[in-house]
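Participant: no FASTA, just this:
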Ligand code: NDP
């Protein structure tokens, strides 16, 4: 049996009931097969893949908090410190009722390679809780965040583990968590990223994942002799990534016609009114059903469906496993030329394979959405030197990083005879650096 198959079997056996984690490990290891087979004896002897797929540390803890009626609630919380070979653990905190250990481990595992791809010194980690921020008052959010951080603060720090935002964790939550960390630990340090601009945040961090996604997509199109001008774009999600992906797409001369949230989706053939979406989602924290009051000629549909719309480019920016084989078929039939993932693992493996087999340019999230964590690492640099860089400076660095990731993934795929395959290229480019660092540091 090949080493890759052996480790995939082992991971499934040792981590029962973790389907998302299995999916991520399979996807990564399958695409690394060419590299692993070229060094099979060495890696097997070093148990490199066993070490890579087992987190260095996993923290599971309870978070008790009190609601506005005096009722006590208890949530489960997680921090998975997956791999610190190339730098302190870095990765977001997800607050969503679907959160479980499998989802946090899949995200943490993916984060190792993504962070390596950025070229910056950051290891892989991820955390979160099954707490649902929807419908909670500001005081309830603060109560949860403070209780969450009262425990987490024992295990993180500017040089050890630096969490950030993710689904359900935005500037408000990061602020409450930072305040609590500072209060308990007594240090003002860059322990979280995505902070407000008044206390150590970086310009462009809010926009970074969405903007970075478009910088990557533009470069990928360029390498294929195409461009963004006048392209029709379907986006899913209406959160941080989706909103700023839409903003940059419009700046590049494209037209965004769909967005969605967890209850439904909007179709606006004239082009989405982003100011309206920002007001609904960022200011009012309301549902997209309200969009029709701003744009009476738009359509609102319950449930999922953005991929049924005719588009040139599809950008899934909501959550994992939201673009299935049937959606991929519909996109291909409608003439879609590129799919770039803003979310983490939004496309199922079958859908990815179908898109690639039908000549659609496909950018995996660990490459195309790496702009968020890359800018987080730039925030860490600014915190360390106690300086703030200008918007233009950070934006230029972000663009440069995304263009480099695109080229590094392209080159790595070419080196192993998989030209044009960004999934293989991104995994190989990310893996090579982490593997070399792990080998150099001995058996730890
Ligand atoms: P947000 O919470 O800001 O937005 C998420 C959006 O997706 C919301 O519109 C939400 O709907 C929708 N959504 C979430 N879960 C589901 C679900 N189960 N079904 C349908 N819709 C859903 O999160 P972000 O924009 O920050 O993150 C989106 C994705 O991008 C995630 O996969 C995240 O891991 C990834 N990512 C984020 C980065 C960042 O910097 N923020 C960096 C790299 C990746 P509703 O409004 O109803 O809640």
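Facilitator: Done, it's in. Bear in mind that the values here come from a model prediction, so they are computed numbers and not experimental data.

Participant: what's around residue 285, how many residues?
Facilitator: 12 (other Cβ atoms under 10 Å). Every residue, glycine included, has its C-beta placed from N, CA and C.

Participant: Looks to me like it is in a helix.
Facilitator: No: checked against DSSP: H, G, I helix; E, B strand; the rest coil, residue 285 lies outside a helix; its state is coil.

Participant: give me phi/psi at it?
Facilitator: For residue 285, the backbone dihedrals (degrees, to the nearest 10) come out as phi 50, psi 50.

Participant: And it, how far from the ligand?
Facilitator: Here residue 285 is placed at a distance of 8 Å from the ligand (Cβ to the nearest ligand atom, to the nearest Å).

Participant: what do you get for residue 225?
Facilitator: 28 Å.

Participant: Let me see the contact set for that residue.
Facilitator: Shown in contact with residue 225 (Cβ atoms under 8 Å, 6 or more residues apart in numbering): no residues.

Participant: quick one: pLDDT of it?
Facilitator: The model reports residue 225 with a pLDDT of 98.

Participant: That one sits in which helix or strand?
Facilitator: Following DSSP states H and E, one finds residue 225 outside all helices and strands.

Participant: Three-state assignment for the closest residue to residue 437 other than its chain neighbours, please.
Facilitator: Distances taken as Cβ to Cβ, 6 or more residues apart in numbering place residue 85 nearest to residue 437, at 4.0 Å, with adjacent residues excluded. State at residue 85, reduced to three classes by three-state DSSP: coil.

Participant: quick one: contacts for residue 85?
Facilitator: 123, 434, 437, 438, 441.

Participant: how much space between it and the ligand?
Facilitator: From residue 85 over to the ligand (counting by Cβ to the nearest ligand atom), the distance is 21 Å.

Participant: isn't residue 43 right up against residue 49?
Facilitator: Yes: using Cβ atoms under 8 Å, residue 43 is in contact with residue 49, at 6.4 Å.

Participant: still on that earlier bit, give me the subset of the contacts of residue 85 lying in strands.
Facilitator: residue 123 (DSSP state E).

Participant: which helices and strands does the helix or strand where residue 213 lies pack with?
Facilitator: If you go by DSSP H and E, residue 213 is part of helix 205-223. Contacts defined by 3 or more Cβ pairs under 8 Å, 6 or more residues apart in numbering; DSSP states H and E place helix 205-223 against helix 240-251, strand 313-316, strand 338-340, strand 361-363, helix 365-368, helix 371-385, helix 391-415.

Participant: I'd like the next helix or strand past that helix.
Facilitator: strand 232-236.

Participant: Run a quick neighbour tally on residue 295.
Facilitator: So residue 295, with other Cβ under 10 Å, has 17 neighbours.

Participant: I misspoke; the intended subject was residue 252.
Facilitator: By other Cβ under 10 Å, 16 other residues sit near residue 252.

Participant: For residue 88, give me its contacts.
Facilitator: 122, 123, 158, 159, 160, 161, 162.

Participant: The same query, at a cut-off of 7 Å, please.
Facilitator: Each residue near residue 88 by Cβ atoms under 7 Å, 6 or more residues apart in numbering is listed here: 122, 123, 159, 160, 161, 162.

Participant: how much space between it and residue 394?
Facilitator: For residue 88, the distance to residue 394 equals 20 Å [Cβ to Cβ, to the nearest Å].

Participant: Would you map the strands across the stretch 1-150 of the chain?
Facilitator: Secondary structure of the stretch 1-150 of the chain (DSSP state E, counting those that start in this stretch): strands located at 57-66, 72-83, 89-95, 123-129.

Participant: Which of those sits closest to residue 341?
Facilitator: Nearest to residue 341, of all the strands of the stretch 1-150 of the chain, is strand 89-95, at 15.5 Å by Cβ to Cβ.

Participant: Show me what the closest one packs onto, helices and strands only.
Facilitator: helix 101-117, strand 123-129, strand 161-164, helix 371-385 (3 or more Cβ pairs under 7 Å, 6 or more residues apart in numbering; DSSP states H and E).

Participant: Please name the strands paired to it in the sheet, noting orientation.
Facilitator: The strands beside strand 89-95 in its sheet (DSSP bridges) come out as strand 123-129 (parallel), strand 161-164 (parallel).

Participant: Let's have those in a markdown table, adding mean neighbour count and distance to residue 299.
Facilitator: Formatted as a markdown table, these follow (neighbours: other Cβ atoms under 10 Å; distance: least, Cβ to Cβ, whole Å):
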| stretch | mean neighbour count | distance to residue 299 |
| --- | --- | --- |
| strand 123-129 | 30 | 33 |
| strand 161-164 | 25 | 35 |
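
Participant: Which secondary structure state is assigned to the residue nearest to residue 319 when sequence neighbours are not counted?
Facilitator: Among residues not flanking residue 319 along the chain, residue 343 sits closest, at 5.6 Å (Cβ to Cβ, 6+ apart). Classification of residue 343 using three-state DSSP returns coil.

Participant: who are the neighbours in contact with the single nearest residue of the chain relative to the ligand?
Facilitator: Closest approach of the chain to the ligand (Cβ to the nearest ligand atom) occurs at residue 239, with a separation of 1.7 Å. Residue 239 makes contacts with 167, 281, as judged by Cβ under 7 Å, 6+ apart.

Participant: what about it, distance to residue 340?
Facilitator: 17 Å.

Participant: Kindly report the same for residue 352.
Facilitator: Using Cβ to Cβ, residue 352 is found at 12 Å from residue 340.

Participant: Which one of those two is surrounded by more residues?
Facilitator: residue 340 (27 against 22).

Participant: how about the nearest residue to that one, chain neighbours excluded?
Facilitator: Here the residue nearest residue 340, using Cβ to Cβ, 6+ apart, is residue 363, at 3.9 Å.

Participant: now residue 87
Facilitator: Using Cβ to Cβ, 6+ apart and skipping residues adjacent in sequence, the residue nearest residue 87 is residue 121, 3.7 Å away.

Participant: what's the neighbour count on the one you found?
Facilitator: Neighbours of residue 121 under the rule other Cβ under 10 Å: 15.

Participant: per-residue pLDDT, it?
Facilitator: 97.

Participant: That concludes my questions; thank you for your assistance.
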